[in-house]
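> Okay, predicted coordinates and the sequence, questions at the end:
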Amino acid sequence: MPHRLPLRRLPRVLVPAGAALAALLAAAPAAASITLPLHTAHRGATATGFGTHSCDQIPRQYRGAGVDGFVFVLPGNDADFVSLTLKFRPTGGGEVTVHVADPSDAYPDGIVEDNGASKAWVVVPSGWKLLDGTAVVDNDRTRADDFNLTHTCPGGGASPSPSPSRSASASPSPSVSTGGSSSPAPNDSGSVEGSSSVPSNPATATPGGGGSGGGSLPVTGVALTSMTVTAAGLIAAGVGLLMVRRRREATFVADGPASAAGDDGSEPTPHA
């Protein structure tokens with residue numbers, strides 16, 4: 001007959017096994033970050049010239065005349081944006097670098113989640129051209145080779161993309177004064193003067209904040225849920241068997257003398 005592990009020894013096996021698996025899960029390395037380039041076809045785009053116009057993900061208070069919104073997406077749904085570095089050319093020439101998300105600069109921006117996709121947005125003065133960009137994402141095993149400009153929100157607003165839960169168009173709420181010029185020119189130090197046409201960027205414009213697709217960022221890396229449940233189950237099973245064994249021993253003592261259980265797990269036979 002095959003050897004069977006006595007019932008009384010099972011807790012001693014299951015509890016250490018569950019604890020060892022839990023320790024292994026805690027020590028599992030998380031996925032590393034990686035830097036991806038902007039899709040080549042989207043370099044040199046302007047808000048008015050880009051093919052898809054929508055103000056989705058751009059918070060309403062940052063839409064209006066004199067400003068343009070750019071929204072980016074990370075394809076594959078297997079990683080999330082950590083940060084973006086974007087280079088723009090103002091209408092007066094020069095080059096301006098914008099970091100997303102950076103609540104301390106003059107350009108409102110943020111990183112949001114939209115139906116499982118990681119997206120980032122930024123608002124700059126009207127007419128600025130997107131020259132290039134890079135993005136740091138949190139999964140070096142992502143299937144994505146680059147990130148995309150998904151849509152733009154030209155100055156004055158744009159109709160949102162069709163959706164069953166949305167109306168066909170949105171009414172922009174201009175909150176900015178265009179002043180004498182809608183596009184400031186950089187000074188000798190490379191910074192841009194006259195950028196008052198862009199709404200100030202509050203400290204709340206942090207990753208995961210704002211936007212119609214707002215929400216917390218999902219956690220990526222090693223999928224630990226099923227393994228954690230298995231470890232917890234092993235520990236619980238061991239503890240439960242130990243309690244059953246002790247209850248049986250207490251019952252036998254209360255009923256009177258009985259023969260001791262054998263190592264094969266058989267029940268003791270009470271005296272007649």
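Perfect, thanks for sending it. What you see is a predicted model; the values in this text were computed from it and never measured. Numbering: from 1, shown residues only.

> Compute the number of surrounding residues for Gly94.
Gly94 has 15 neighbouring residues, counting by other CB atoms under 10 Å. Quick note: C-beta positions are derived from backbone N, CA and C, even for glycine.

> do Arg143 as well
10.

> same deal with Asp140?
Around Asp140 there are 11 residues (other CB under 10 Å).

> Can you check the pLDDT for it?
Asp140 carries a pLDDT value of 95.

> can you give me the helices for this protein?
With DSSP state H as the criterion, the chain has helices at 10-26, 225-255.

> Quick check: mean pLDDT of the first one?
Mean per-residue pLDDT for helix 10-26: 58.

> With the longest one instead?
If you average the pLDDT over helix 225-255, you get 68.

> Stretch 59-76 now?
96.

> Give me the buried positions along that stretch.
59-60, 62-75 (16 or more other CB atoms under 10 Å).

> from those, which is closest to Gly238?
If you rank the buried residues of stretch 59-76 by distance to Gly238 using CB to CB, Leu74 comes first, at 43.1 Å.

> if I read this right, that closest one contacts Asn139, doesn't it?
No. Judged on CB atoms under 8 Å, Leu74 makes no contact with Asn139 at a distance of 9.6 Å.

> Find residues that contact each of those two.
Residues touching both Leu74 and Asn139 (CB atoms under 8 Å, 6 or more residues apart in numbering) are Asp80.

> where are the low-confidence patches of the stretch 51-200 of the chain?
The stretch 51-200 of the chain contains residues with pLDDT under 70 at 156-200.

> which stretches of it form strands?
Ranges of strands in the stretch 51-200 of the chain, per DSSP state E, counting those that start in this stretch, are 67-74, 81-89, 96-100, 109-114, 117-125, 129-137, 148-153.

> Across the sheet, point out what pairs with Ile111.
Per DSSP bridges, the residues bridged to Ile111 are Ala120.

> What count of nearby residues applies to it?
28.

> how near is it to Asp146?
17 Å (CB to CB, to the nearest Å).

> And Asp140, by the same measure?
From Asp140 over to Asp146 the distance is 15 Å, taken as CB to CB.

> same check, this time on Pro108
Counting by CB to CB, the gap from Pro108 to Asp146 is 24 Å.

> between the two, who's got more neighbours?
In terms of neighbours (other CB under 10 Å), Pro108 is the more surrounded of Pro108 and Asp146; the figures are 27 against 16.

> Do I have it right that the more buried one meets Pro59?
Yes. Using CB under 8 Å, Pro108 is in contact with Pro59, at 7.4 Å.

> Might one say that Thr152 is in contact with Arg63?
No. Under the criterion of CB under 8 Å, Thr152 is not in contact with Arg63, lying 11.7 Å apart.

> Check the contact lists of those two and give me the overlap.
Gly69.

> Please determine how far Val71 is located from Phe147.
Separation of Val71 from Phe147 (CB to CB): 11 Å.

> pull the CA atoms of stretch 100-120 into CSV?
Backbone C-alpha positions of stretch 100-120 (Å, rounded to 0.1, in the frame of the first residue of the first chain) are rendered in CSV as follows:
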residue,chain,number,x,y,z
VAL,A,100,5.3,65.7,-18.0
ALA,A,101,4.2,65.6,-15.3
ASP,A,102,5.8,68.7,-13.8
PRO,A,103,3.5,70.9,-11.7
SER,A,104,6.2,73.5,-11.3
ASP,A,105,6.4,74.7,-14.9
ALA,A,106,4.1,77.0,-16.9
TYR,A,107,2.4,74.2,-18.9
PRO,A,108,-0.5,72.2,-17.4
ASP,A,109,0.0,68.5,-17.9
GLY,A,110,-0.7,65.1,-16.3
ILE,A,111,-0.7,61.3,-16.7
VAL,A,112,-4.0,59.5,-16.5
GLU,A,113,-5.5,56.0,-17.2
ASP,A,114,-8.2,55.6,-19.8
ASN,A,115,-9.9,52.2,-20.2
GLY,A,116,-6.7,50.4,-19.3
ALA,A,117,-4.5,52.6,-21.5
SER,A,118,-1.9,54.9,-20.0
LYS,A,119,-2.2,58.4,-21.4
ALA,A,120,-0.4,61.8,-20.9
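
> Okay then, goodbye and thanks.
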